[in-house]
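A.B. asks: Provided below are the primary sequence and the corresponding predicted coordinates.
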Amino acid sequence: MRHIISVLLENESGALARLVGLFAQRGYNIDSLNVAPTDDPTLSRLTLVTHGNDQVIEQISKHLHKLIEVVKVSDISEAAHIERELMLVKVKASGNQREEVKRCADIFRGQIIDVTPITYTIQLVGTSDKLDAFIQALGTTPILEVVRSGASGIARGEKTLAL
Amino acid sequence: MTSQTKSADLAKTTEMLSGAAMVIRALADEGVEYLYGYPGGAVLHIYDALFQQNKVKHVLVRHEQAATHMADAYARASGKAGVVLVTSGPGATNAVTGIATAYMDSIPMVVLTGQVMSHLIGGDAFQETDMLGISRPICKHNMSVRRPEDIPYLIKKAFHIAQSGRPGPVVLDIPKDMTMPNQKFPYHYPTEISLRSYQPKQQGHSGQIKKAVTALLAAKKPILYAGGGVIMGNASSELTELAQLLNLPVTNTLMGLGAYPAGDKQFIGMLGMHGSYEANQTMHHADVILAVGARFDDRVTNNTKKFCPDATIIHIDIDPASISKTVNAHIPIVGLVKPVLTDMLALLKQKKKKLDSAALSQWWQQIDQWRAVHGGRYDSAAPLLKPQYVIEQVSKITKGDAFVCSDVGQHQMFAAQYYPFNKPNRWINSGGLGTMGFGLPAAMGVKLNYPDADVVCVTGEGSIQMNIQELSTCKQYGLGVKIINLNNGYLGMVKQWQDMNYESRYASSYMDSLPDFVKLAEAYGHVGIRVTTPEELQPALERAFALKDQLVFLDIHIDPKEHVYPMQIPGGAMNDMFLSKTERT
Ligand SMILES: Cc1ncc(C[n+]2csc(CCOP(=O)(O)OP(=O)(O)O)c2C)c(N)n1
Ligand SMILES: [Mg+2]
């Protein structure tokens, strides 16, 4: 099962390495990892996408808690939540392909953010599934480059993960 | 970065110290008496500061690994963190095995490692290693000093983390420029520390404790399974009281020996791979297991799929990650074992309901039948010296009251099985990592801190050679350790596995060209005695223990063919055991 785990981490050197090392050491999966400081510069917020059975996920969350610099951990996928990922895709777009690509980007509510005579760079935001679907939908259009941020997430409603 | 230093105001009222002096002063303020270490370029400022005071004493080992084991063993015996100081690069990497050893057994330790100057870090400077990177997976936490004025706070933080929650080693990496003798800063040692991201639980959840008591009182075949957490958690007396209140059979893990007195009739021995027949049988057939500060290690459970099929498991542990890790716990209680057991005791004393006494006495009858079988008894009439007999005699001469520090191998298991530990903190061994070379430095760390106690190092001719150089340190500090070298001429534990699984093909388990240990001991300025027959043992032990302050190396030639039994059959349940070379359950 896919899980989205949110972590509040002390913004200290070595803290991120320790967290990533934990996954490598114990053989847990990291499907994606997204990290940046928050409004409070002493704290980083991490969104980690992983998969595993219930027992593995429970161990992941317990071991994250054990790290000295980890302030809070929450498996936000256990309840209603919002998930967003940013993707930048550079594709070859020339001749009649240009129209086709633009139409496809429009359907997915993507934006073309850079243009050359032979390429388009498209920006797309959505769930990781939606980004996957867009890549599928590009079909035969030659993809030159894909950059994805990894998912970041937040709980729905009034629930917060804060100090 | 949080810092306790409050700039200029403090400077007027407080002492000004260099970073190096702060390191030593902070240790003194923490109450540290001994520092175990080895000097080198990156820590020379600190050594110079050490030289200029007399509160903190330094023990110069012969190899940094020994410094870590000495500090570790001090912690195991006293419950307080041991402290190590080593230089950068090779000094730090030599300490790695000792850090990992302490980590696996949850032993509090503070390891100060020198580092190259800050501006050189990352440039492959002379004697630079990324000690933070190397030690990250084998310590509870690690940190580096970035500003000299943070040193007191960071040292306090290191002790706080090492000694609270589930204890463990903490590494503090100190770049040389943080300790410049001519740069002084206001010194203030914090008395307390609080970290927003680290608030280990103390008390157990009262609802869970109630549930546990109810389950325990409903048991017909209960067992108490106690581990090293009881010893490090200083909860041996609460555990004993609870066991005796309910008349529970008690088994201790390898790490938990001494948590419950071995001489008591309710003690049924160690459990697990080389556990007693009755302990493994009792566990397997139990209907309620009260696990206290134990972690269902693979050396205990055997095949977890076949583990104790009928048992409701109550698990008390300070570390939530230890709960339901290998075996599912039905009633988990996260908290320090001492307050949790205290709460349980209070609740039990209030309750009218007692355990079903008919069922319990039937259970005890069954246990006594298993006891009568007593797998793993040795042939005491054999002409060759048996290691088990040696341990029994050592226990006799020390009145069962010595600190026994063990190395790793068959001798370790014989010591665990045949020395009856009646007190906690007396059995000192590397259970989790199984570090050969641990025994002698461990015994040294204990002897230094408990000079009047009998301190025994049980070892083998393989293990002792992994830190044999420390005989020199023993001479320098007058450490009268008694070394019981159970010399079988083989890496016995390896040989046993080769006998059992590889048709006795002894690939590299025979040690040719062993030194003359008696002469070797003498060369280092100690007493050496060789024992080759059962008759020689008694007088040799008497002589050795009469030489109070001297290190005596007893090189005892034992039956090289002896195996450790019982031994769980791999892949089986708790109670599937080999009982001798020819019998099995
Ligand atoms: C540092 C280290 N290397 C290898 C091992 C694997 N090992 C476990 S027991 C053992 C044999 C120990 O031999 P000895 O000290 O003579 O003890 P004996 O088993 O003969 O009593 C070995 C090699 C280990 N535990 N530690
Ligand atoms: Mg041997």
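C.D. replies: Alright, I've got the coordinates. Numbers count the residues shown, from 1 in each chain, chains lettered A, B, ... in the order given. Ligands and ions are numbered 1, 2, ... in the order given.

A.B. asks: okay, CA-based contacts and neighbour counts for the rest of this
C.D. replies: Will do.

A.B. asks: how about the helix or strand harbouring residue B:238: buried residues?
C.D. replies: Residue B:238 belongs to helix B:236-246 when assigned by DSSP states H and E. For helix B:236-246, burial by neighbour count (16 or more other C-alpha atoms under 10 Å in any protein chain shown) applies to B:236, B:237, B:238, B:239, B:240, B:242, B:243, B:246.

A.B. asks: dump these into a markdown table; add distance to chain A and pLDDT as well.
C.D. replies: Formatted as a markdown table, these follow (distance: C-alpha to the nearest C-alpha, whole Å; pLDDT from 0 to 100):
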| residue | distance to chain A | pLDDT |
| --- | --- | --- |
| B:236 | 26 | 98 |
| B:237 | 28 | 98 |
| B:238 | 27 | 98 |
| B:239 | 26 | 98 |
| B:240 | 30 | 98 |
| B:242 | 29 | 98 |
| B:243 | 30 | 98 |
| B:246 | 33 | 97 |
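
A.B. asks: would you mind measuring from the residue in the stretch 401-550 of chain B that chain A sits nearest to to ligand 2?
C.D. replies: Residue nearest to chain A within the stretch 401-550 of chain B (C-alpha to the nearest C-alpha): residue B:433, separated by 16.0 Å. Look at residue B:433 and ligand 2: by C-alpha to the ion, to the nearest Å, they are 18 Å apart.

A.B. asks: pull the contacting residues for the residue nearest to that residue when sequence neighbours are not counted.
C.D. replies: Leaving aside its chain neighbours, residue B:433 sits nearest to residue B:101 (5.4 Å; criterion: C-alpha to C-alpha, 6 or more residues apart in numbering or on different chains). Contacts for residue B:101 (C-alpha atoms under 8 Å, 6 or more residues apart in numbering or on different chains) come out as B:430, B:432, B:433, B:434, B:435.

A.B. asks: if we go to 7 Å?
C.D. replies: B:430, B:433, B:435 (C-alpha atoms under 7 Å, 6 or more residues apart in numbering or on different chains).

A.B. asks: got it, and residue B:192?
C.D. replies: Neighbouring residues of residue B:192 by C-alpha under 7 Å, 6+ apart: there are none.

A.B. asks: could you look up the SS state of it?
C.D. replies: Each residue gets one of three states, and residue B:192 gets coil by DSSP: H, G, I helix; E, B strand; the rest coil.

A.B. asks: quick check on it: phi, psi?
C.D. replies: Main-chain torsions, residue B:192, degrees, to the nearest 10: phi -140, psi 160.

A.B. asks: can you give me the strands in chain A?
C.D. replies: A:2-10, A:32-37, A:43-51, A:70-75, A:81-92, A:111-115, A:119-126, A:143-148, A:152-155 (DSSP state E).

A.B. asks: now render the ones you listed as JSON lines, adding distance to ligand 2 and mean pLDDT.
C.D. replies: Formatted as JSON lines, the strands of chain A follow (distance: least, C-alpha to the ion, whole Å; pLDDT from 0 to 100):
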{"stretch": "strand A:2-10", "distance to ligand 2": "48", "mean pLDDT": "97"}
{"stretch": "strand A:32-37", "distance to ligand 2": "49", "mean pLDDT": "96"}
{"stretch": "strand A:43-51", "distance to ligand 2": "46", "mean pLDDT": "97"}
{"stretch": "strand A:70-75", "distance to ligand 2": "45", "mean pLDDT": "97"}
{"stretch": "strand A:81-92", "distance to ligand 2": "60", "mean pLDDT": "98"}
{"stretch": "strand A:111-115", "distance to ligand 2": "72", "mean pLDDT": "97"}
{"stretch": "strand A:119-126", "distance to ligand 2": "64", "mean pLDDT": "98"}
{"stretch": "strand A:143-148", "distance to ligand 2": "57", "mean pLDDT": "98"}
{"stretch": "strand A:152-155", "distance to ligand 2": "56", "mean pLDDT": "97"}
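
A.B. asks: so which of these gets nearest residue B:304?
C.D. replies: Among the strands of chain A, the nearest to residue B:304 by C-alpha to C-alpha is strand A:43-51 (23.6 Å).

A.B. asks: now do that closest one against strand A:81-92, angle only.
C.D. replies: 80 degrees (axes from the mean of the first three to the mean of the last three C-alpha atoms, to 10 degrees).

A.B. asks: just checking: what are the partner strands of strand A:43-51?
C.D. replies: strand A:2-10 (antiparallel), strand A:32-37 (antiparallel) (DSSP bridges).

A.B. asks: which residue is the nearest non-sequential neighbour of the residue in the stretch 201-350 of chain B that chain A sits nearest to?
C.D. replies: Using C-alpha to the nearest C-alpha, the closest approach of the stretch 201-350 of chain B to chain A is made by residue B:321 at 5.3 Å. Spatial nearest neighbour of residue B:321, chain neighbours left out: residue A:62 (5.3 Å); criterion: C-alpha to C-alpha, 6+ apart.

A.B. asks: how many neighbours does the one you found have?
C.D. replies: By other C-alpha atoms under 10 Å in any protein chain shown, 17 other residues sit near residue A:62.

A.B. asks: ok, the residue lying closest to residue A:72 once chain neighbours are set aside to residue A:14 distance?
C.D. replies: Spatially, and ignoring its direct neighbours in sequence, residue A:72 is nearest to residue A:8 (5.0 Å; C-alpha to C-alpha, 6+ apart). Going from residue A:8 to residue A:14 by C-alpha to C-alpha, to the nearest Å gives 15 Å.

A.B. asks: sorry, back to before: using JSON lines, lay out the strands of chain A together with mean neighbour count and distance to residue B:567.
C.D. replies: Listed next are the strands of chain A as JSON lines, based on neighbours: other C-alpha atoms under 10 Å in any protein chain shown; distance: least, C-alpha to C-alpha, whole Å:
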{"stretch": "strand A:2-10", "mean neighbour count": "22", "distance to residue B:567": "41"}
{"stretch": "strand A:32-37", "mean neighbour count": "16", "distance to residue B:567": "45"}
{"stretch": "strand A:43-51", "mean neighbour count": "21", "distance to residue B:567": "38"}
{"stretch": "strand A:70-75", "mean neighbour count": "20", "distance to residue B:567": "42"}
{"stretch": "strand A:81-92", "mean neighbour count": "19", "distance to residue B:567": "52"}
{"stretch": "strand A:111-115", "mean neighbour count": "14", "distance to residue B:567": "68"}
{"stretch": "strand A:119-126", "mean neighbour count": "20", "distance to residue B:567": "57"}
{"stretch": "strand A:143-148", "mean neighbour count": "13", "distance to residue B:567": "54"}
{"stretch": "strand A:152-155", "mean neighbour count": "21", "distance to residue B:567": "51"}
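
A.B. asks: no more questions from me, cheers.
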